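model this:
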Amino acid sequence: MPRLVLVTLAAILVVLVWRGVPLLELALREPAGEPRVVVPRGDLATNEQTTIAIFEGAKDSVVSITTESRVVDFWTRNAYDVPRGSGSGFIWDAQGHVVTNNHVIEGATAALVRLADGRAYPARLVGTAPEHDLAVLHIEAGSERPLPLAVGSSEDLQVGQGVFAIGNPFGLDWTLTTGIVSALDRELPGKRGTMIRGLIQTDAAINPGNSGGPLLDSAGRLIGVNTAIYSPSGSSAGIGFAVPVDTVNRVVPQLIATGRYAPPVLGVSHDPRGDALLARAGMAGVMVLDVTPGSPADAAGLRPARITRDGRVTLGDVIVSIDGVAVKNSEDLRAGLDVRQAGDAIKLGLLRHDRRIEVMVTLAAGQ
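Numbers count the residues shown, from 1 in each chain. Sure thing, here's the model as predicted:
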């Protein structure tokens with residue numbers, strides 16, 4: 001037994017010496033009260049270098065947006081501007097156009113765009129597309145305006161690939177958050193009872209103030225515009241959404257050119273009430289209520305519903321598919337046309353007198 005105790009004590013002594021000698025040497029090298037010696041870190045990891053490069057390459061193209069509203073005092077009738085909100089945006093082109101969310105500037109009477117270097121410019125509203133929660137502003141920044149972001153594509157995105165969001169959450173300017181593509185083709189309720197479709201879902205932290213900022217891929221290209229979060233508390237819960245860049249690249253040029261977004265038209269009138277009538281009859285599709293003379297639908301021979309002399313509705317054509325993709329209601333038809341352009345030829349599937357037929361229609365420009 002004494003021998004076991006001696007062995008144990010010897011082992012403890014060895015450990016104390018092994019641990020204590022380096023500490024003693026360090027204490028002798030570093031006088032008490034002096035800063036510790038800094039240990040060299042070595043090179044940053046490859047993924048860290050990539051993240052830093054993406055932020056440094058994009059931050060100057062990201063802007064902070066603050067808005068104001070004109071208020072009239074009820075008693076004095078004096079008008080004055082009050083702060084309304086804030087958000088993010090980014091430089092779109094060399095002409096000084098800035099892309100942001102529609103809900104960032106909606107209801108505002110003035111907006112101020114602040115660049116990363118501190119310069120601030122009053123912004124002019126160019127156009128809005130509430131159905132996609134997009135808006136375009138313009139600033140006169142002269143020749144020293146930041147370069148626009150490189151534009152990527154969203155059609156080839158895959159769940160799991162890395163993404164990077166830059167914005168101004170809670171007023172904390174030029175904040176970078178990272179994550180992955182969590183899901184694709186999500187839907188959220190939009191304005192006027194429509195759905196915003198095709199959204200990118202990400203777990204990169206997106207908070208109030210991030211709205212309108214860019215979502216980038218690992219090559220530093222724009223792949224989306226951060227638009228919303230899903231959170232009961234209003235803060236990031238790991239579920240954020242972005243408008244895909246393919247939609248942005250289709251909508252924004254129209255806003256710049258005309259001030260409004262108008263998807264291509266088919267030339268038929270339809271209504272959700274018609275959807276309800278079809279549903280009661282156990283049918284799915286879009287009831288053609290009217291056909292505009294001279295329209296693509298008119299040229300293709302589409303037939304509208306009509307009301308008989310005794311007040312009954314007689315079905316005309318019912319649109320049931322576009323290019324083989326089922327159309328179940330008016331919202332499906334709107335979404336199907338929205339992703340196409342004027343001049344595109346589409347194959348419409350129709351139900352006519354209980355018989356399925358297909359017709360080719362060339363879409364016209366929206367008005």
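
neighbouring contacts of stretch 277-294?
Residues from elsewhere that reach stretch 277-294 (C-beta atoms under 8 Å, 6 or more residues apart in numbering): 267-271, 274-275, 297-298, 302-305, 313, 315-320, 326-330, 332-333, 351. Yep, even glycine has a C-beta here, placed from its N, CA and C like the rest.

how about 6 Å then?
267-270, 274, 297-298, 302, 304-305, 316-320, 327-328, 330, 333 (C-beta atoms under 6 Å, 6 or more residues apart in numbering).

same check, this time on stretch 329-336
For stretch 329-336, contacts defined as C-beta under 6 Å, 6+ apart pick out 197, 270, 272, 275, 286, 322, 327.

which stretches of the stretch 201-350 of the chain form helices?
245-258, 272-280, 296-299, 330-338 (DSSP state H, counting those that start in this stretch).

In TSV, list those along with mean pLDDT, distance to residue 225 and mean neighbour count.
Putting the helices of the stretch 201-350 of the chain into TSV (pLDDT from 0 to 100; distance: least, C-beta to C-beta, whole Å; neighbours: other C-beta atoms under 10 Å) gives the following:
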stretch	mean pLDDT	distance to residue 225	mean neighbour count
helix 245-258	94	6	19
helix 272-280	81	28	15
helix 296-299	88	31	20
helix 330-338	87	16	19
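
coming back round to it: pull out the buried members of the contacts of stretch 277-294.
Buried subset of the contacts of stretch 277-294 (neighbour count, 16 or more other C-beta atoms under 10 Å): 267-268, 270, 274, 297-298, 302, 304-305, 316-320, 327-328, 330, 333.

Which one, of the helices of the stretch 201-350 of the chain, ends up nearest to residue 134?
The closest of the helices of the stretch 201-350 of the chain to residue 134 is helix 245-258. By C-beta to C-beta, the value is 5.5 Å.

and the closest one, what does it pack onto?
Here helix 245-258 touches strand 124-129, strand 134-138, strand 222-229, going by 3 or more C-beta pairs under 6 Å, 6 or more residues apart in numbering; DSSP states H and E.

from what I can see residue 345 touches residue 364, true?
No. Contact criterion C-beta atoms under 6 Å: residue 345 and residue 364 do not qualify, at 11.7 Å.

Who has more neighbours out of these two?
Remark: of residue 345 and residue 364, residue 364 carries more neighbours, 18 against 11, as counted by other C-beta atoms under 10 Å.

you'd agree that one is up against residue 298?
No. Look at residue 364 against residue 298 with C-beta under 6 Å: they stay out of range, at 10.4 Å.

care to break this protein down by domain?
Here the domain parsing of the chain from automatic domain parsing is 63-144, 162-258, 268-362.

Tell me which of those domains is the most buried.
domain 162-258 (a mean of 20; mean count of other C-beta atoms under 10 Å).

Looking at residue 72 now. What's its pLDDT?
Listed pLDDT for residue 72 reads 63.

Can you pull the poorly scored residue ranges out of the stretch 1-150 of the chain?
1-32, 71-84 (pLDDT under 70).

quick one: residue 212 from residue 206, how far?
Distance of residue 212 to residue 206, given as C-beta to C-beta, to the nearest Å: 11 Å.

Could you say which helix or strand holds residue 98?
strand 97-100 (DSSP states H and E).

CA atoms of the helix or strand that that strand is followed by as PDB?
Moving toward the C-terminus from strand 97-100, the next helix or strand (DSSP H and E) is helix 102-105. Output of helix 102-105 as PDB, limited to C-alpha atoms (Å, rounded to 0.1, in the frame of the first residue of the first chain):
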ATOM      1  CA  ASN A 102     -41.600  48.300 -52.700                       C
ATOM      2  CA  HIS A 103     -42.500  48.000 -49.100                       C
ATOM      3  CA  VAL A 104     -39.400  50.000 -48.100                       C
ATOM      4  CA  ILE A 105     -40.600  53.200 -49.900                       C
END
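
got the angle for the next helix or strand after helix 102-105 vs strand 124-129?
The helix or strand immediately downstream of helix 102-105 is strand 110-114, counting by DSSP H and E. With axes from the mean of the first three to the mean of the last three C-alpha atoms, to 10 degrees defining the directions, strand 110-114 sits at 100 degrees from strand 124-129.

Mind giving me the packing neighbours of strand 110-114?
In terms of contacts (3+ C-beta pairs under 6 Å, 6+ apart), strand 110-114 is packed against strand 62-72, strand 120-122.

quick revisit: what's the closest of the domains of the chain to residue 33?
The closest of these to residue 33 is domain 162-258. By C-beta to C-beta, the value is 36.4 Å.

distance between the ends of the closest one?
35 Å (C-alpha to C-alpha, to the nearest Å).

can you check stretch 36-50 too?
By C-alpha to C-alpha, the extent of stretch 36-50 from end to end equals 31 Å.

Can you give the distance of it from its chain's centre?
Averaged C-alpha coordinates place stretch 36-50 at 34 Å from its chain's average position (C-alpha atoms, centre = their mean, to the nearest Å).

can you list contacts of it?
By C-beta under 6 Å, 6+ apart, stretch 36-50 touches no other residue.

buried ones in that stretch?
Within stretch 36-50, the residues scored as buried using 16+ other C-beta under 10 Å are residue 50.

The stretch 151-300 of the chain: strands as residue ranges?
Assignment of strands within the stretch 151-300 of the chain using DSSP state E, counting those that start in this stretch yields the ranges 162-167, 175-189, 195-202, 214-216, 222-229, 240-244, 268-269, 286-287, 290-291.

Nearest to residue 131, out of those strands?
That would be, of those and by C-beta to C-beta, strand 195-202, which comes in at 7.1 Å.
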